[in-house]
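Asker: Got a sequence here, can you model it:
(chains A and B, ligands or ions: 1)
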Amino acid sequence: MDGYAGKIAYADLSAGKVTIKPTPPDLKRQYIGGRGFGIRLLTDMVDPKIDPLGEKNVVVFAAGPLTGTGIPLGSRYEVSTISPLSGTAMSANSGGVFGWKMKKAGFDAVVVTGKAKKPVYLLLDSGKAELRDAAGLWGKTTGQVTNAITDELKDKSVRVSCIGPAGEKLVLFACIINEKTRAAGRGGAGAVMGSKNLKAIAARGDLPIKAADEEQLNVIKDRVRKKIEENGIEQALQKYGTAVLVNIINENYVLPTRNFQSAHFPAAEKVSGETMAATILKQNKGCYACIVKCGRVCEFDSEAGEGPEYEPDWAFGPDCGIDDLKAVARANNICNEYGLDAISAPTTIACLMEMAEKGYVKHPIRFGDAKGMLKLVEQIAKREDIGNELAEGSFRFATKYGHPECSMSSKRQELPAYDPRGIQGYGLATATSVRGGDHVYGYMISPEILGSPEKLDPYVTKGKAGWVKTFQDMTAAIDASGMCLFTSFALGAQDYADLLAATTGMEIDAAELLKIGERIWNLQKLYNIKRGFGRKDDTLPSRLLNEPLKEGAPSGQVWRRDEMLDEYYTLRGWDKEGTPTKEKRKELGLA
Amino acid sequence: MTNIRNRINVTVKSFATLREVMDAQIRMDLPEGATIRSLLAELTGRYEGLNELIFAAPDTLRDFINILKNGRNIHFLAGLDTPLDDRDLIALFPPVAGG
Ligand code: SF4
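Answerer: You can find the predicted model right below:
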C-alpha cells in the first residue's frame, strides 16, 4: 500500500520517550487515515472514565493518504482527543501545510500520551522524532512560537503546529494553530496539549510520498481538478471566501443574532464577505496544493492577519450584535494568536451579553459593544477576571448562574452560525453530531440553503434523516482521506474512492468509502455512550425547540426534533436510545 | 393612463458576483401579475451580462442560483412562475458557499 508515510510516532511524555512503529495495514484498510486513525487509536488507548485534562488522555495528530500527494485540496490533518469541553471522542480538522510536512517528515500520525514534567515540543525530522525543551516557549503566542522554533532550528522549511497561552491556561475551548493562522479549532484539543505540557509539534524533512499507481492517479487528479475548477460554488469560495455566506444566511432569516434571540441581523452587509473583499482584504491564500484558495489575508490599520472566516465573522459580529468588521477581524486575530476556538469564544461572550442584559450576571457588557468584546477575548485567553469563568464555555458558565437556557450549545459545545429552526435537517445533524454542537460533521446547509447537490426544502423534516446519515458518513470518510471538505461541493463519493484506490492501491468503491465513514461515526458514538451520552443528549437548546422564530419567511417555526430522531436512529441501525445494535456493530466490525 | 393600483413595487437585492453587473439594491416598478420570470426578463434587459450569470438556457436557471422572495427560496414556491406582490423583497444569489 502507498500514499502513506509508513510510520506512527508514539510520544510518551511522562517517560520522555518516543517510539516509532510502522503504520498497521489493518488500520489503513479499516479507517483510511486522518480522523479514522485518530478516533481508532484514541478509543483503543483511553479508558472512557478519564478526565480529559488528566494525564491519561491521548492526543493523536493524523494525516490521510491523500494529504500531501499533490491532489488538489489534499491538505488536511486531524487532531483527535477526548474533548474537555464536550466530553466526546472528537476530532478537529486543520489545513495549511503542516499535514503535508508531517508526512514529508516520515509520519502518518503522532500519538501523544502522558504528561511532561516541563514544557516540551516534539520535533519530527526525516523519519526521526525527539522531544525538545520548550521552557523558553511557554507563555508565547502561536506566532512567536512558530518564529522561535524556526529560528532555533535555523530552518525556514520547518512547519509548526502549536498552542498559545489559552492552551496553557487550559481554556476548555483552546485550539491548536499551525502556520500561525490555520486552526484545529473545536473542542479544546489545545487545552489537552497544554495539560500535557506539550507546546508544539514541529515537522521537517523531504521524504518521498508515493502513490501506488501514479499514472492512474494523474488521470483522476485531472478529472477532479476540472470538476473543481468548473464548479460555480468553488469559484465563489475563491472570490469571496467563506464569509460570503453572511448575506445568504441572513436573507434566509436563519442568521443567529444576539445569542440566537433573533435570526436576522439588519446590519449584516457591514460584516459580509462582499464588504470584506471591498475593504480589508489584501489577497486570498490557499492551503497546500489548493486551487480554490478560500483563505483571506486581511490588513487594516496596523493589523495584519488571516480571516475572519464565516463562522468567527458571524460569531463576533451578528451573534454579539456587532457590525464593526475591523473589530471582528481584530478579535479573530487575537483568537489565532492566543489559540482560542473562534466559534466557542465569541458565542460564549454572546451568552454573557444576554445574561448581563437580562440581569442574570452583573457585568457591563452589552450586545453591540465591540470594545468590551475585544477585552473579553483577551480575558478569556488569560483566564483573567470574568474571563476565568467564561473559559469554561457557555454551558458551564450559564449553568453556574442558574440559566443554562442561555447557553446555545449541544453536548456543551457551542452551536455554529445557522438557526436550526429554519433549517430542520441541519438541526438534526448538529443535535446528533458525535462531537457536540457542530456544522462540519455533516454540512446539511449545502442542500438545504445553498442547493447543492440538490435543493432540499429547509422547512421540511421528511426525508432529512437519510440525508443527514449520508452526509455524516461521507464527511467522516473525507476527514479520514486528508481532503478538504470543500471539495465535496464539486466531488462525489466515487471521486474520493477513485483517488484513494489509485493512491493506496486498496480496492475501494463509493459504497466501501461510505461504509468506512459509517464505521468511524459509530466508533465515536459507541465511545461517547461509554462516557454517558445517550438520547437525552442528541438535542438542542430549549429555545430552539420551544420559541418560534419571529421574522421573515421561517416565522413561527421551531426545530422539530421528534419528527426526525427516531427515523434517524432506525436508519443508523441504532435502538431507541441511540445505541448501535449488535447487528450493526457486527456489520461494521466493531465489537 | 396606467392606473396606479395596477402597478406593484418590489425591491431587488443582488449579492457577490452579481454586483459586478448590476446594482446591489434597486426598486422596480412592475405591472400587477408580474412573476419572478418577468422580473428577471426586465433585469436581464437592463443589465448587460446578467443573463449569462443566472440562466443556463432560456427558462433554466444555472446550478446553485438561489432566488429568495421575502426569505423563501422560489424553488419551494412556484419557481420562475412565483407571483410577485407589492413590496416584496427579492434576493438574487449566484453560487456561494462556505462552512
Ligand atoms: S478550499 Fe480553503 S480550506 Fe480548503 S484547502 Fe483550499 S484554502 Fe484550504
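
Asker: can you count the residues close to residue 95?
Answerer: All of this refers to chain A. Residues lying near A:Gly95 (other CB atoms under 10 Å in any protein chain shown) number 26. For the C-beta atoms, the positions are set from N, CA and C on the backbone; glycine is no exception.

Asker: you looked at the wrong chain, it should be chain B
Answerer: The tally of other residues near B:Pro95 (other CB under 10 Å) stands at 24.

Asker: A:Glu454 too?
Answerer: Residues near A:Glu454, counting by other CB under 10 Å, number 10.

Asker: give me phi/psi at the residue nearest to it when sequence neighbours are not counted?
Answerer: Distances taken as CB to CB, 6 or more residues apart in numbering or on different chains place A:Pro447 nearest to A:Glu454, at 6.1 Å, with adjacent residues excluded. In terms of degrees, to the nearest 10, the main-chain angles of A:Pro447 are phi -80, psi -30.

Asker: so what's A:Pro447 scoring on pLDDT?
Answerer: If you check A:Pro447, the pLDDT there is 97.

Asker: residues in contact with it?
Answerer: For A:Pro447, the contact set (CB atoms under 8 Å, 6 or more residues apart in numbering or on different chains) comprises A:Gly425, A:Pro453, A:Glu454, A:Lys455, A:Leu456, A:Trp467.

Asker: swap the cut-off to 10 Å and go again
Answerer: Contact analysis of A:Pro447 by CB atoms under 10 Å, 6 or more residues apart in numbering or on different chains lists A:Gly425, A:Tyr426, A:Pro453, A:Glu454, A:Lys455, A:Leu456, A:Asp457, A:Pro458, A:Lys464, A:Trp467, A:Phe471.

Asker: can I assume the third one is in contact with A:Gly492?
Answerer: It stands for A:Pro453. Yes: assessed by CB atoms under 10 Å, A:Pro453 is found in contact with A:Gly492 at 7.8 Å.

Asker: Can I get the contacts of A:Pro447 in JSON lines including secondary structure and pLDDT?
Answerer: Formatted as JSON lines, these follow (DSSP: H, G, I helix; E, B strand; the rest coil; pLDDT from 0 to 100):
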{"residue": "A:Gly425", "secondary structure": "helix", "pLDDT": "98"}
{"residue": "A:Tyr426", "secondary structure": "helix", "pLDDT": "98"}
{"residue": "A:Pro453", "secondary structure": "coil", "pLDDT": "94"}
{"residue": "A:Glu454", "secondary structure": "coil", "pLDDT": "94"}
{"residue": "A:Lys455", "secondary structure": "coil", "pLDDT": "96"}
{"residue": "A:Leu456", "secondary structure": "coil", "pLDDT": "98"}
{"residue": "A:Asp457", "secondary structure": "coil", "pLDDT": "98"}
{"residue": "A:Pro458", "secondary structure": "coil", "pLDDT": "98"}
{"residue": "A:Lys464", "secondary structure": "helix", "pLDDT": "98"}
{"residue": "A:Trp467", "secondary structure": "helix", "pLDDT": "98"}
{"residue": "A:Phe471", "secondary structure": "helix", "pLDDT": "98"}
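
Asker: how far away is A:Ala553 from B:Thr17?
Answerer: Computed as CB to CB, to the nearest Å, the A:Ala553 to B:Thr17 distance reads 24 Å.

Asker: same question, A:Val440
Answerer: Distance of A:Val440 to B:Thr17, given as CB to CB: 25 Å.

Asker: can you pull the buried residues of stretch A:85-94?
Answerer: Buried residues in stretch A:85-94, counted by 16 or more other CB atoms under 10 Å in any protein chain shown: A:Leu85, A:Ser86, A:Gly87, A:Thr88, A:Ala89, A:Met90, A:Ser91, A:Ala92, A:Asn93, A:Ser94.

Asker: Taking those residues together, which two end up most distant?
Answerer: The span of these, defined through CB to CB, is set by A:Gly87 and A:Ser94 at 21.7 Å.

Asker: Run a quick neighbour tally on A:Glu405.
Answerer: Using other CB under 10 Å, the number of residues around A:Glu405 comes to 14.

Asker: show me where chain B has strands.
Answerer: B:7-14, B:25-31, B:55-57, B:60-61, B:66-69, B:72-73, B:89-93 (DSSP state E).

Asker: Could you pull up the residues touching A:Ile176?
Answerer: With CB under 10 Å, 6+ apart, A:Ile176 has these contacts: A:59, A:61, A:79, A:81, A:92, A:94, A:98, A:142, A:161-164, A:167, A:182-185, A:188-193, A:200-201, A:339, A:341.

Asker: neighbours around whatever residue of chain B ends up closest to the ligand, how many?
Answerer: Closest contact between chain B and the ligand, by CB to the nearest ligand atom, is at B:Gly99 (8.3 Å). For B:Gly99, the neighbour count with other CB under 10 Å is 21.

Asker: could you measure A:Ile445 against A:Ile423, distance?
Answerer: Distance, A:Ile445 to A:Ile423, by CB to CB: 7 Å.

Asker: what residues are shared contacts of these two?
Answerer: With CB under 10 Å, 6+ apart, A:Ile445 and A:Ile423 have common neighbours A:Ile249, A:Asn252, A:Val254, A:Ala429, A:Pro458.

Asker: Restricting to the residues you listed, which residues neighbour chain B?
Answerer: Restricting the shared contacts of A:Ile445 and A:Ile423 to those near chain B by CB under 10 Å from any CB of the partner chain leaves A:Ile249, A:Asn252, A:Val254, A:Pro458.

Asker: In CSV: the residues you listed, plus neighbour count.
Answerer: Shown next, in CSV, are those (neighbours: other CB atoms under 10 Å in any protein chain shown):
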residue, neighbour count
A:Ile249, 29
A:Asn252, 28
A:Val254, 28
A:Pro458, 28
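
Asker: Name the nearest of the residues you listed relative to chain B.
Answerer: Closest approach to chain B among those (CB to the nearest CB): A:Asn252, at 5.7 Å.

Asker: wait, doesn't the closest one sit right on A:Tyr426?
Answerer: No: judged on CB under 10 Å, A:Asn252 makes no contact with A:Tyr426 at a distance of 11.4 Å.

Asker: Need the residues touching each of these two.
Answerer: Overlap of the contact sets of A:Asn252 and A:Tyr426 (by CB under 10 Å, 6+ apart) consists of A:Tyr418, A:Asp419, A:Ile445, A:Glu448, A:Ile449, A:Pro458.

Asker: per-residue confidence at A:Gln235?
Answerer: So, for A:Gln235, pLDDT stands at 85.

Asker: which element is it on?
Answerer: Assigned by DSSP states H and E, A:Gln235 belongs to helix A:232-240.

Asker: how about the residues of the stretch 151-300 of chain A near the ligand?
Answerer: A:Gly286, A:Cys287, A:Cys290, A:Val292, A:Lys293, A:Cys294, A:Gly295 (CB under 6 Å from any ligand atom).

Asker: What number of residues are in the vicinity of the closest residue to the fifth one other than its chain neighbours?
Answerer: Read it as A:Lys293. Leaving out its chain neighbours, the residue that sits closest to A:Lys293 by CB to CB, 6+ apart is A:Gly286, at 3.4 Å. By other CB under 10 Å, the residues close to A:Gly286 number 18.

Asker: ok, A:Gly286 to chain B distance?
Answerer: Applying CB to the nearest CB, to the nearest Å, one obtains 15 Å for the distance of A:Gly286 from chain B.

Asker: likewise A:Ala129?
Answerer: Separation of A:Ala129 from chain B (CB to the nearest CB): 33 Å.

Asker: Please apply the same query to A:Ala277.
Answerer: 9 Å.

Asker: in the stretch 151-300 of chain A, which spans are strands?
Answerer: Ranges of strands in the stretch 151-300 of chain A, per DSSP state E, counting those that start in this stretch, are A:159-162, A:176-178, A:182-184, A:198-204, A:281-285, A:295-300.

Asker: if you compare these, which one is most tucked away?
Answerer: For the strands of the stretch 151-300 of chain A, the largest average neighbour count (mean count of other CB atoms under 10 Å in any protein chain shown) is found in strand A:176-178, namely a mean of 31.
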